[in-house]
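# Need a 3D model of the following:
(chains A, B, C and D, ligands or ions: 2)
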Amino acid sequence: MRYLPLSPQDRTEMLGVIGVKSIDDLFVDVPQSARRDGLVDLPKHMGELEVERALSKLAAKNTPAGSVPFFCGAGAYKHHVPASVDHLIQRSEFLTSYTPYQPEIAQGTLQVLFEFQTQVANLTGMDVANASMYDGSTATAEAVLMAQRVTRRHKAVFSGGVHPHYLHAAETLAHATQIETVALEPAIDAEAKVIDAIDADTACVIVQTPNVFGTATDVSKIAEAAHAAGALLIVVVTEAVSLGLLKSPGAMGADIVAAEGQSIGVGLNFGGPYVGLFAAREKLTRQMPGRLCGETVDADGKRGYVLTLSTREQHIRRDKATSNICTNSGLCALAWTIHMSLMGEKGLRRLAEINHAQALKLRDALKAVAGVEVLTPRFFNEFAIKTRKPAKDVVEALANKGVLGGVPYARLHPEGGFEDVILVAATETVTDGDIQTYASALSEVLA
Amino acid sequence: MRYLPLSPQDRTEMLGVIGVKSIDDLFVDVPQSARRDGLVDLPKHMGELEVERALSKLAAKNTPAGSVPFFCGAGAYKHHVPASVDHLIQRSEFLTSYTPYQPEIAQGTLQVLFEFQTQVANLTGMDVANASMYDGSTATAEAVLMAQRVTRRHKAVFSGGVHPHYLHAAETLAHATQIETVALEPAIDAEAKVIDAIDADTACVIVQTPNVFGTATDVSKIAEAAHAAGALLIVVVTEAVSLGLLKSPGAMGADIVAAEGQSIGVGLNFGGPYVGLFAAREKLTRQMPGRLCGETVDADGKRGYVLTLSTREQHIRRDKATSNICTNSGLCALAWTIHMSLMGEKGLRRLAEINHAQALKLRDALKAVAGVEVLTPRFFNEFAIKTRKPAKDVVEALANKGVLGGVPYARLHPEGGFEDVILVAATETVTDGDIQTYASALSEVLA
Amino acid sequence: MTTTMANVGRPTRPEAASENNELHATLTGGRGLLQDEALIFELNAWDKTGLDLPEADRDASDLGDLVRKEPIGLPGLSEPEALRHYVRLSQKNHAIDLALYPLGSCTMKHNPRLNEKMARLPGFGDVHPLQPQSTVQGAIELMDQLAHWLKTLTGMPAVALSPKAGAHGELCGLLAIHAAHDAKGDAARRVVLVPTSAHGTNPATAAFVGYSVREIAQTPDGRVDLKDMEAKLGPDIAAIMVTNPNTCGLFERDVIEIARLAHAAGAYFYCDGANFNAIVGRVRPGDLGVDAMHINLHKTFSTPHGGGGPGAGPVVLSQALAPYAPVPWVVHDKDGFHLVEEERDVAEKSFGRMCAFQGQMGMYVRALSYMMSHGSDGLRQVAEDAVLNANYIKARLKDLMTPAFPDGPCMHEALFDDRWLEGTEVTTLDFAKAMIDEGFHPMTMYFPLVVHGAMLIEPTETESKQELDRFVEALRALAKAAKAGDVERFKGAPYHAPLRRLDETRAARQPKLKWTAPMAQAAE
Amino acid sequence: MTTTMANVGRPTRPEAASENNELHATLTGGRGLLQDEALIFELNAWDKTGLDLPEADRDASDLGDLVRKEPIGLPGLSEPEALRHYVRLSQKNHAIDLALYPLGSCTMKHNPRLNEKMARLPGFGDVHPLQPQSTVQGAIELMDQLAHWLKTLTGMPAVALSPKAGAHGELCGLLAIHAAHDAKGDAARRVVLVPTSAHGTNPATAAFVGYSVREIAQTPDGRVDLKDMEAKLGPDIAAIMVTNPNTCGLFERDVIEIARLAHAAGAYFYCDGANFNAIVGRVRPGDLGVDAMHINLHKTFSTPHGGGGPGAGPVVLSQALAPYAPVPWVVHDKDGFHLVEEERDVAEKSFGRMCAFQGQMGMYVRALSYMMSHGSDGLRQVAEDAVLNANYIKARLKDLMTPAFPDGPCMHEALFDDRWLEGTEVTTLDFAKAMIDEGFHPMTMYFPLVVHGAMLIEPTETESKQELDRFVEALRALAKAAKAGDVERFKGAPYHAPLRRLDETRAARQPKLKWTAPMAQAAE
Ligand SMILES: Cc1ncc(COP(=O)(O)O)c(C=O)c1O
Ligand SMILES: Cc1ncc(COP(=O)(O)O)c(C=O)c1O
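Numbering: from 1, shown residues only, chains lettered A, B, ... in the order given. Ligands and ions are numbered 1, 2, ... in the order given. Below you'll find the predicted structure:
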């Protein structure tokens, strides 16, 4: 077996050194009834070529985003990632290292994390950021639990503009932890209704901008209202590129930012792995979940980095920890940091402007299609349209025409109404030609 | 521009340090008439996404070998290369380093070359091998020139089984250097006629096994005859995998081996880059072309490697050098060495057996097709067939049916006759299903 | 053919070899190939970018004052600068690809490169989680195949694929247990029993879902104390969480009895499956009475750890818990493969959703590629070689170091305590740092908590005997040096790493968690 | 925002930092992350393999005694072992991705990763050179596009793409010249004129095709001595080979006159275009009277050097030489793109074939990707920044070191001689080895031959000002140390590299060019 270095002769010698007769002697602690002599009922080992054939066959049954005019978003976005990003994250020293527990031989990973934390903090306009969460949705759920710890209150108010999967994941966890979740009605401008729902029991208010319908909002007023009520404002961002163009959550008064970083450096991957960004005000630092990397010096006085404030974490504090997270999304954070380092502020702004411009053009093109109503007035790179046929059928029909035309809102939230609403996104990977193709395909489908 | 680190401000500062006003002041030595003010008439710079789109479009117009039943050989073979090979050769330290002129900081490349030379020497059954040539064809041409230097004779006898491109490349060079080339008639068993062509003026005899028609031969008798006449025997191998199954050239008396290494570690690449293997008897070492890596010790007595015997080379000997070669095929040699290290003797033999077995099955399947005659009796993984329609048309018709069915011999050697001969190869990447597909497609084409 | 140390390129005279270095500190602080490297924020790249993007052909005036005006603080590097920056940094890391990485409990095994290639096929890497399911039939089928392998290997009837790591899997398992008790109207069960030796995520997860944690004692031979457990089981116990093989590297001999007792008391048996590598292909947790178990695909099934993640933590479930599994999951009918994404119909009892979308597809591809490559025969061999390697290390070190549980075989990891260091002034930490100088990553230290100064060594099956011997020789040499009183070698270690020992106290006392401009620094 | 050396991670006290190392030679010879590594032949892997291949289902009995019986001597490593072996080795290399690599004449510029990705598209990387041309239209079109860029940039009417490196391109150019003289029946021209400063491949190539070589003198300001050249031109001269910009890093001011004189004497002007990087987009060799010039795609157009190759050396040709270009080449008509592979019809005057197939397709893709990325504007900027960087280095070092040609600007490389080392006992070689300790690759040394103890520094355009400054500071510090008599720093250097100075004499005196089993060694 190509991944197993021991030769039969090695095995024999080693059993001799151990002083046992056979490998079975090392498994004596397994109860008799659970010992299996034969092989489990699965295929035997295969060569690379065979595995590659089998998996390529499966892969070929899928339609890659890059192979068609592509307009899906709803929390995962198709962006161009520079080739050097994927090249660098595959370096053995990054790919095959563990969480940097031994800082003397992990400065590579640690310095990257320090850069990542700084970039995330600066991008979100917050004081501190951690070294990544699994993804945006779990980051959001953790933010809610953190707000509960900080405020010692037990109610979380979700704007109707929060991505339904995020809401659902947070509700699932909240249910067990006795947090009451108030989920406001979904609406294009759902944020308008949030302030009224805040009361003295509210631990936190969760708003998303741009929201799931694409609406970009200034949440400063909500922040004020939340703070006035002694609650925290959690701002969710599912499209990190939007922060290149839009005001930062920090500037609008957020206490915690939970964001999906996938847009930067990470591919679509059918949903994962992604990278959760988690940032907060400085005074909340010690209530944050996840790893934190900090600067220090070595015995010779040279600058270096270590994982720090680990008394928050499960391996030290066990059932008193701020979170149970251990493995996070390190390599995706690396990809994020490299992509961001290549873009810089200048590139990110430009990228965001292009995304916005393509979305405006897409809006104009779709607006002109009979049977389409554009619902979202102010958006970044995604908006909602209403079609005169059911969204699910429209999207399926478009797929048959070779256009991946967006995500039916009802797929995210089947009971929410909106059966005729499609979320459509345009990024820099969408060409003007793609937009024309979409518009004509949609006219045909709706005809 | 993403590849240019200087900022406009850097440029201004630097001009100041240099003490000139503008960049034009640094180009004053260019004659006035040749100074161009404007840009050349080519497109302006493009982003990654745009370049990727344009080149992917071109790539999409080609039919990759891996996408269809594939039977082309004739000096370039489709083999499966383990994923780790391409991963490793892309490591910055290998990919972006130069020829290892500074051994203290090039031991990575140097130790690889030492391993490569050892593997090549052992595989070919020769005493010494160099650190690679451009490819098999140029290695062959160099071998002929080397034989001229060694024997001080000026006639080279080429078997009719030598790949016509190899012959042609050697003739081209020989023409200028006053070497008389005798090209024997192409024939399935061309080697049988070689001995008669050797005379007292013969510097070298060039035979290929398996030859271009696939015929595998024992060349020991030719070696004896050559040696008896004071000539050198150059053995050419275009399919390195064959050496896993067949007797080595060294064991059959070769003085020089010139081989194409592409089959191991290197992809098809539409013809290049490939990697030339060059091996010889020890006594000829100082007449060899190309780089040689040798073992030595450092100032602390530790083992290490250096480029050596460079008094043969152009940078030292200039017009007295054994060759003009400078850049060789280093990274392909690395790929070759890694792939070979993964295979080892055990894997290589097995691989060769599979190739042979697939070719036998292919032969049986094609033999059964009406209008096909199999010409090659003893072969490794490639053989010649005669079809009742012109080979060129047959191959084209097969391509239209989605089968890349081999190489018309006449494409290599238009004046050689054999308009109805196709060279067909089968490697481990050919499935039994592919063979069936080929046979039925061929029946249809020849019907 | 055997290798003599003298001719394999290692320095024949290490003392001599480094004698000269001391005399020649460099002028710029350079150290040959080891490049020091500033932060990206210190490279004067505020006004640059490493992307060539065209100008947008529509402006953003429609967004009015939503548009950001102030600078963000993000430098942009040209590609050559970025490449160099991250390549230099990478060289300051240890990695599996460099040498043995014996972090106990972490299963740092070889990560096959085929898996990386497969995960990058556009059909897997470039598909959107919410494309019409008709356009991702192969991706859903792959999830189904992975599920089949996991269920077959564990002998369990169901699996929830979506958890994003081991700890997330624990969360999933406990939420399923929570839901199952809820469904029975059994709200009184608020406690989870966890052995003291458990990984930190076990108690943390239990607390995270609102359970309180009670510890179970351990027997002198490193297993769950059945008596103690039985005494603590009662109508308030929701679940027991037991790791098997446990974190001492031992198989819980009484695991079937443990399960029986838990079930008899109305509790569920959550098994931490982080150590599944030791038994894969030889023992099926389903045969042991387990109700839920997470599998770290990034341990047993070789998806890369990536400097901290991502991972994936699918959870296999018993018949009792299966109905509560989180959405989405895969069903298969004559029309093809479908994702069940809603909590209704077949999923009406589902406890909810762990995260957006379908989980760690990139890891699914890698894990399946790994499983298919090994097959049923290879996977069994994995467990055997992992256990063999650990026992070999234990056997070769037991005369110099003190195994925590000397009697009987260990499983995939060998646990030592620090009794053998008594009186040497050298601590477990010091010893670990000296290993760095010899070229190895330290083992897991001070875990599990039940053993004093614990050193937990997990070699995995992907180490050759030669590398094991090299490792053992280094540890033996160090152990002898410690006992011989060569204290400075340990206290000051590491000497040969990119940095010397780091001041962790300072980092925690005055946390500096991001770069700030020197001006701002000065003002602090 | 500026960076102070104190806070960028470089040791603040280099002397102090390494003081401790000396005391602690390791026990096993380990040196932290730097792993020593045996040869694959020493890893006991004779009976192993890292491939899982099924058994062949037909035997090879039909091959009779052609089948090899004896062992070959090829070890096989499992993938984990192989990965580790080559990763460890890689870390002993310097590389562009690690730091400035100022090898003059070699143009060690950044290799964009996009190019690597493009070359691996299956439509380029996985197509066979002899597939029906109808199935590789995009590949042939790419060659045509590359040809268009090269012709436009050089202002030349034709290009032969197939030469596999610069030297092979020289061969191609001289063979074309040979054929052109042949066609005129001019067999008397048996000599090629080459300046003494020329790269070794120039005279070697001339000799390789049977010409004898006569040297041209150089003027005190580092250019071709026109007088000397004119005197040597005559009916026996087939060609002159002149490098421009030349190997002293200077533009041949009189290049147009050089061409005129050569042509007037019936000779052709072969221009070595290895240094095209200095003028791309600003000067077209076609405007200078060149007849043939190779372009190293692995220099100017950034295809990676790969530790020695592969490269590609397309040759642009004047109208006079174009008909003699080697096959194959690309033509385009209404039916698409075609490879002309035979020496008949349009190619009847072709001098033949340089190699099997079409040349270095993998490099064509990379080079075109590079060109399209830069565009006409970016390429011009390339030349300007390359020249700017070289002049900056020259300006910043000229007070301490002696520029070989102090007057006027240099082009893309700065040439120093060793006059400034006189009396220091330090040689150019010593100085170079000390650069290694400071973290840099040495410059090209002792070339060109016309300058004593030459140091030829080519930074390329892909270096940042920061890296240039770091480099300059290191050289300045070393230069001062040399002048201050700190000889041991140089004589014993490098101290901090993976190995100390290697014994090259020993290697050449008793060549050991392959591994042999210790037994055999002993018997030697
Ligand atoms: C025994 C044990 N349980 C649980 C975990 C947590 O797994 P993860 O890091 O994937 O969240 C680990 C990981 O280190 C572990 O070793
Ligand atoms: C001036 C000059 N000419 C020719 C060559 C030869 O080119 P190649 O190495 O590609 O064969 C070189 C390469 O170093 C060179 O610098």
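
# Please count neighbours and contacts with C-alpha atoms only from this point.
Noted.

# Can you show me the strands along the stretch 1-150 of chain A?
For the stretch 1-150 of chain A, the strands defined by DSSP state E, counting those that start in this stretch occupy A:128-129.

# for chain B, what are the nearby residues on it?
A:48-49, A:80, A:82, A:91 (CA under 8 Å from any CA of the partner chain).

# Among those residues, which are located in helices?
A:48-49 (DSSP state H).

# wait, isn't residue A:385 in contact with residue A:375?
Yes. Contact criterion CA atoms under 8 Å: residue A:385 and residue A:375 qualify, at 5.4 Å.

# so where is chain C shaky, pLDDT-wise?
C:1-24, C:519-524 (pLDDT under 70).

# Where is the longest helix in it?
Max-length helix for chain C by DSSP H is helix C:361-397.

# name the helices or strands packed onto that one?
The elements that helix C:361-397 packs onto, with contact taken as 3 or more CA pairs under 8 Å, 6 or more residues apart in numbering or on different chains; DSSP states H and E, are helix A:8-18, helix A:48-60, helix C:113-119, helix C:122-125, helix C:137-154, strand C:414-417, helix C:465-483.

# can we see that at 7 Å?
With contacts taken as 3 or more CA pairs under 7 Å, 6 or more residues apart in numbering or on different chains; DSSP states H and E, helix C:361-397 sits against helix A:8-18, helix A:48-60, helix C:113-119, helix C:137-154, strand C:414-417, helix C:465-483.

# Run the chain-centre distance for stretch A:255-262.
8 Å (CA atoms, centre = their mean, to the nearest Å).

# count of neighbours near the residue of chain C found nearest ligand 2?
For chain C, the residue closest to ligand 2 is residue C:80, as judged by CA to the nearest ligand atom, at 22.1 Å. Per other CA atoms under 10 Å in any protein chain shown, the neighbour tally for residue C:80 reads 25.

# Quick one: residues contacting it.
Taking CA atoms under 7 Å, 6 or more residues apart in numbering or on different chains, we find residue C:80 in contact with B:3, D:110, D:462.

# Can you classify it as helix, strand or coil?
helix (DSSP: H, G, I helix; E, B strand; the rest coil).

# go on, the one 4 residues further on?
For residue C:84, the reduced secondary structure class is helix; criterion used: three-state DSSP.

# Nearest to ligand 1: which residue in the stretch 1-150 of chain A?
For the stretch 1-150 of chain A, CA to the nearest ligand atom, closest residue to ligand 1: residue A:99, 9.3 Å.

# List the contacts of that residue.
For residue A:99, the contact set (CA under 7 Å, 6+ apart) comprises C:307-308.

# about what we covered before: ok, which of the helices and strands packed on helix C:361-397 comes nearest residue D:128?
Closest to residue D:128 of those, according to CA to CA: helix A:48-60, at 19.1 Å.

# Of the residues of the stretch 1-150 of chain A next to chain B, which fall within the contact range of ligand 2?
Among those, no residue lies close to ligand 2 (CA under 6 Å from any ligand atom).

# Most proximal residue of the stretch 151-300 of chain A with respect to chain B?
Nearest residue of the stretch 151-300 of chain A to chain B: residue A:265, at 14.1 Å (CA to the nearest CA).

# hang on, isn't that residue packed against residue A:335?
Yes. When contacts are counted by CA atoms under 7 Å, residue A:265 is listed as touching residue A:335 (4.8 Å).

# now the helices: where do they sit in chain A?
Under DSSP H, chain A gives helices at A:8-18, A:48-60, A:83-89, A:92-95, A:107-124, A:136-151, A:164-176, A:194-197, A:220-228, A:314-317, A:330-367, A:391-400, A:409-412, A:432-446.
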